[in-house]
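Novice: With the sequence up front, the predicted model follows.
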Amino acid sequence: MVEYKYLTGFGSHFSSEHPNYPNALPEGQNSPQKCAYGLYAEQLSGTAFTAPRTENSRSWLYRIRPSVVHKPFKSVTFTNQLTINWTEQHPNPNQMRWNPFDLPTSGKVDFVEGLHTICGAGDPKCRHGIAIHVYLCNSSMEDRAFYNSDGDFLIVPQEGSLDITTEFGKLFVAPNEICVIQQGMRFSVNVNGPSRGYILEVYDNHFKLPDLGPIGANGLANPRDFKTPVAWFEDRDVEGFQMISKFQGALFVAEMNHSPFDVVAWHGNYVPYKYNLANFMVINSVSFDHCDPSIFTVLTCPSHRYGTAIADFVVFPPRWSVQENTFRPPYYHRNCMSEFMGLIFGKYEAKEGGFLPGGASLHSMMTPHGPDHQCFEGASNAELSPQRIADGTQAFMFESSLSMAVTKWGEETCQKLDAKYYECWQKLEKHFTLTDK
Ligand SMILES: O=C(O)Cc1cc(O)ccc1O
Ligand SMILES: [Fe+2]
């Protein structure tokens, strides 16, 4: 039984060494002439060397062999549905909704083989853009690890827990938890049966906690609830261990003769982390009107435009709804941002039917959307007593300032697009009267 132990904090400067190897971390310096236990020192940089201190992130890893010990990269031979080709389909401004994406029904499919790109924009070569993927898998990665050269992965499991071994240690991530594995970090995913989830990939920048403004010093996702693994390693020689890199949107494999999870000690502020969405401190018991969903921002990847995110990760957690004289569900709206939504479990308040766990929706830039007919009629006529937005519910949104294109897999191959989605609004009647009572 592996024990999962974590260090807590967000963006902190952490240190961890395997308990059986005291002083594996050098004292007072990063690169001694000879490291303890014959380890190699290696720096993993998450920002430019010269990034200002407030932004600068890097970690030092003390490992059995440096990462460079691998054979040349070759294109992978397995078929996969990852892409950064945003022009394979004609642009489509329609409201889109997907039924739950199918889990593999035959054969073994691991996390990397099960990655499918739904939509995205931009180019990892210019380090600007995002991609939204789903993973649909049923087997563990065996003697295979993965890293993303293009950006960071924010992983949202929906079905099945992920047991993730990283260079920094082990993370266990269950549905209603999320994890972030940043650019370059090597990891391998074990699953316990059919597993499905969503991934927000950002090329520009790393995720940060949003500023709290007048909320004050506490609230939303609190830094102390973020968890980073402690050092864990294996000294395992394996012929043909596969190191897979996503580089400029394509997958490559390099063979190695050992496990890359050989880091005995590490220190730094460039780390993988997880967060339990149940720890989110929801602020929404307002007097009247409906707050914009930005109050539910867990993490944000900022752009250079002040206050405008490359992508925000927003949740819609269980909470009390108590507003007076208010239409409580989300308002009808058109947004200069793109809104991709998924459902981990339960029901989403604006769409009680049709939007299902493991499915998704995309409301692109300026594409109008809002509550379906049934939700509008119900909420317009409901008695406004305090109402609990059901426990056992967790919808989320990846909201981006980029205009995303849907892939061929997303629009055609997956065969999950609900062609009748638009119908949910068609019965919205004209209630206009010449006299108001
Ligand atoms: O479209 C959606 O369902 C997401 C959303 C929720 C909300 O409470 C307000 C605005 C918004 O875009
Ligand atoms: Fe919206």
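Specialist: All right, it came through fine. Ligands and ions are numbered 1, 2, ... in the order given.
Novice: and Phe296, what are its phi and psi?
Specialist: Main-chain torsions, Phe296, degrees, to the nearest 10: phi -110, psi 20.
Novice: Excluding covalently adjacent residues, which one is nearest to it?
Specialist: Val314 (4.8 Å; Cβ to Cβ, 6 or more residues apart in numbering). (Glycine included, C-beta is placed from N, CA and C.)
Novice: again with Ala131
Specialist: Ala131's closest residue in space is Gly120 (Cβ to Cβ, 6+ apart), at 3.5 Å.
Novice: The one you found falls within a strand, correct?
Specialist: Yes. Judged by DSSP: H, G, I helix; E, B strand; the rest coil, Gly120 forms part of a strand.
Novice: Distance of it relative to Asn276?
Specialist: Using Cβ to Cβ, to the nearest Å, we find Gly120 at a distance of 27 Å from Asn276.
Novice: what's the answer for Gly151, then?
Specialist: Gly151 is 24 Å from Asn276, by Cβ to Cβ.
Novice: who has more neighbours, those two?
Specialist: Gly151 (25 against 15; other Cβ atoms under 10 Å).
Novice: What count of nearby residues applies to Leu212?
Specialist: Neighbours of Leu212 using other Cβ under 10 Å come to 12.
Novice: Can you pull out the low-pLDDT segments for the stretch 101-250 of the chain?
Specialist: Of all residues in the stretch 101-250 of the chain, none has pLDDT under 70.
Novice: Which parts of it are strands?
Specialist: For the stretch 101-250 of the chain, the strands defined by DSSP state E, counting those that start in this stretch occupy 115-123, 128-137, 144-148, 152-159, 162-166, 169-173, 177-181, 187-191, 195-202, 226-229, 237-247, 250-258.
Novice: how about the ones you listed in a markdown table, adding distance to Gly354?
Specialist: Below are the strands of the stretch 101-250 of the chain laid out as a markdown table (distance: least, Cβ to Cβ, whole Å):
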| stretch | distance to Gly354 |
| --- | --- |
| strand 115-123 | 18 |
| strand 128-137 | 18 |
| strand 144-148 | 33 |
| strand 152-159 | 17 |
| strand 162-166 | 28 |
| strand 169-173 | 28 |
| strand 177-181 | 25 |
| strand 187-191 | 28 |
| strand 195-202 | 18 |
| strand 226-229 | 34 |
| strand 237-247 | 33 |
| strand 250-258 | 34 |
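Novice: Let me know the pLDDT of the residue of the stretch 51-200 of the chain found nearest ligand 1.
Specialist: In the stretch 51-200 of the chain, no residue comes nearer to ligand 1 than Gln95, which is 10.0 Å away by Cβ to the nearest ligand atom. Gln95 carries a pLDDT value of 98.
Novice: What is the burial count for it?
Specialist: Neighbours of Gln95 (other Cβ under 10 Å): 16.
Novice: So it sits against Met366, correct?
Specialist: No. With contacts counted by Cβ atoms under 8 Å, Gln95 stays clear of Met366, the gap being 11.6 Å.
Novice: returning to that earlier point: which one of the strands of the stretch 101-250 of the chain is the most hemmed in?
Specialist: strand 195-202 (a mean of 26; mean count of other Cβ atoms under 10 Å).
Novice: other SSEs contacting that one?
Specialist: If you count contacts as 3 or more Cβ pairs under 8 Å, 6 or more residues apart in numbering; DSSP states H and E, strand 195-202 packs onto strand 128-137, strand 152-159, strand 309-316, strand 394-400.
Novice: chain center to that strand, what's the gap?
Specialist: 5 Å (Cα atoms, centre = their mean, to the nearest Å).
Novice: coming back round to it: am I right that the residue nearest to Ala131 is in contact with Gly151?
Specialist: No. The criterion here is Cβ under 8 Å, and Gly120 misses it with Gly151 at 10.7 Å.
Novice: got any residues that touch both of the two?
Specialist: Glu201 (Cβ atoms under 8 Å, 6 or more residues apart in numbering).
Novice: Which residue does the stretch 201-350 of the chain have closest to ligand 1?
Specialist: Closest point on the stretch 201-350 of the chain to ligand 1, by Cβ to the nearest ligand atom, is Pro330, at 3.4 Å.
Novice: Need the nearest residue in space to that residue, chain neighbours excluded.
Specialist: Here the residue nearest Pro330, using Cβ to Cβ, 6+ apart, is Ala350, at 4.8 Å.
Novice: Against Tyr422, how distant is that neighbour?
Specialist: For Ala350, the distance to Tyr422 - Cβ to Cβ - is 15 Å.
Novice: The two: who's more crowded?
Specialist: Counted by other Cβ under 10 Å, Ala350 and Tyr422 do not tie: Ala350 has more neighbours, with 22 against 12.
Novice: For that one, give me its contacts.
Specialist: 329-330, 370-372, 375.
Novice: what about 6 Å?
Specialist: Taking Cβ atoms under 6 Å, 6 or more residues apart in numbering, we find Ala350 in contact with 329-330, 371, 375.
Novice: out of those residues, who's nearest Glu255?
Specialist: Top of the list for closeness to Glu255, among the contacts of Ala350 and by Cβ to Cβ, is Pro330 at 50.0 Å.
Novice: Got the confidence number for the closest one?
Specialist: 95.
Novice: so is it in a helix, a strand, or just coil?
Specialist: Strictly by three-state DSSP, Pro330 counts as coil.
Novice: Scan the protein for its longest helix.
Specialist: helix 373-381 (DSSP state H).
Novice: Please determine whether that helix lies in contact with ligand 1.
Specialist: No. Contact of helix 373-381 with ligand 1 (Cβ under 6 Å from any ligand atom) is absent, the minimum separation being 10.2 Å.
Novice: just checking, what packs against that helix?
Specialist: For helix 373-381, the contact count by 3 or more Cβ pairs under 6 Å, 6 or more residues apart in numbering; DSSP states H and E identifies no helix or strand as a packing neighbour.
Novice: Can you name the next helix or strand after it?
Specialist: strand 387-389 (DSSP states H and E).
Novice: What residues sit buried inside that next one?
Specialist: Neighbour-count burial for strand 387-389 flags 387, 389 (criterion: 16 or more other Cβ atoms under 10 Å).
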